[in-house]
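*Asks:* Quick one: sequence plus predicted model below, questions after.
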Amino acid sequence: MDAINLRSVSRRHGSGDRAVVALDEVSLDFPRGTFTAVMGPSGSGKSTLLQCAAGLDRPTSGSVLLGGTELTGLSETKLTLLRRERVGFVFQAFNLLPSLTAEQNVALPLRLAGRRPPRARVREVLDRVGLADRARHRPSELSGGQQQRVALARALITRPDVLFGDEPTGALDSRTGHTVLALLRAMVDEEHRTTVMVTHDPVAASYADRVVFLVDGRVAGELTGAPATDIATHLTGPETPPSSPRTQPPEQPETPPSRPHAPPSKSETMPSEPQAQQPGPKTPPSPPQAQPPRPTPPPSPPQAQPPKSEPLPSEPEAQPC
């Protein structure tokens, strides 16, 4: 039997056109005694997947089984009891109570369940994470890596079926982070503890047996036993397969280049004709306007002719005596 089974799990926030799909028909199995890392870009649904699998959030549709127990039909009270006894959590924020010592923080889940924590069990888990000599120190007296190891011991005090980690090394330096990851790996190998961890770090994911990649709320692939370099390559995106050849348009015949013309000599230079202007949009001819009739001038009166003068009779010439 698997530790966790997800069947067609979807999670939507809001409704109508403004609905946001965090998980879209996700189906995954997490075998017992395995270490699984969940990776993907921001907003891909990693934390939502973790919360639905752990019973912290209810999916909109689908089925979630934890050790054969269906979570979607449980009441809030029964979910709380199940998480308290069968699920452990390690978050990026340590969430330690500053007024309590390390051993008191570790024993807190048992006290909340109404059980008296055996001192030997508390010292056992603190020794498991290498903090037996820091049992009486408060969080302010511990380094960041030591506080995260106290949070890990607190998650293990109830002997959970599944341990969930949401960026457990996100606030740690690389050296301290490797220490915490080595503890998680050892718990899987030596105690067969089922572990599911969300991370952005390919080096952290390389400690896991399997890496599941999410994109836009869907499973986008898996890698098994891969080194950090292969995980980083897959995370940035696989190589794009060559696309099918597109149909090329028929080639046009090449036009031979025109020979440069020699400039004409001065004697051959002809006056250039005026360039014809681009014809504008044609306008319909206007109808001819009627011309007003010209007035007929009155006939001029006949001019009086001067009377013809009659020739005078000539005098007789005098005869000689």
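*Replies:* Arrived safely, thanks for sending.

*Asks:* And the strands in the stretch 1-150 of the chain?
*Replies:* 4-13, 20-30, 35-39, 61-66, 69-70, 87-91 (DSSP state E, counting those that start in this stretch).

*Asks:* Could you give me the buried positions within the first one?
*Replies:* Residues of strand 4-13 classed as buried under the neighbour-count rule (16 or more other CB atoms under 10 Å) are 4-6, 9-11. Every residue, glycine included, has its C-beta placed from N, CA and C.

*Asks:* now the angle from that strand to strand 35-39?
*Replies:* Relative orientation of strand 4-13 versus strand 35-39 (axes from the mean of the first three to the mean of the last three CA atoms, to 10 degrees): 20 degrees.

*Asks:* Counting by contacts, list what strand 4-13 packs against.
*Replies:* Contact analysis of strand 4-13 by 3 or more CB pairs under 8 Å, 6 or more residues apart in numbering; DSSP states H and E lists strand 20-30, helix 46-54, strand 61-66 as its packing neighbours.

*Asks:* outside of that strand, which residues touch it?
*Replies:* 19-30, 45, 48-49, 52-53, 57, 59-67, 162, 194, 196, 217 (CB atoms under 8 Å, 6 or more residues apart in numbering).

*Asks:* Okay, angle between that strand and strand 61-66 too, please.
*Replies:* Using the same axes, to 10 degrees: strand 4-13 against strand 61-66 is 140 degrees.

*Asks:* ok, now which ones touch Thr229?
*Replies:* Pro202.

*Asks:* what about 6 Å?
*Replies:* Listed by CB atoms under 6 Å, 6 or more residues apart in numbering, Thr229 has no contact partners.

*Asks:* Now name the helix or strand holding it.
*Replies:* In this assignment (DSSP states H and E), Thr229 forms part of helix 228-236.

*Asks:* May I see the buried residues of that helix?
*Replies:* Buried, per 16+ other CB under 10 Å, within helix 228-236: 231-232, 234-235.

*Asks:* Give me the distance between that helix and the centre of its chain.
*Replies:* 19 Å (CA atoms, centre = their mean, to the nearest Å).

*Asks:* which one of the strands of the stretch 1-150 of the chain lies closest to Pro109?
*Replies:* Closest to Pro109 of these, according to CB to CB: strand 87-91, at 8.6 Å.

*Asks:* got the angle between the top helix by length along the chain and strand 35-39?
*Replies:* As assigned by DSSP state H, the longest helix anywhere in the chain is helix 174-191. Interaxial angle, helix 174-191 versus strand 35-39 (the same axes, to 10 degrees): 140 degrees.
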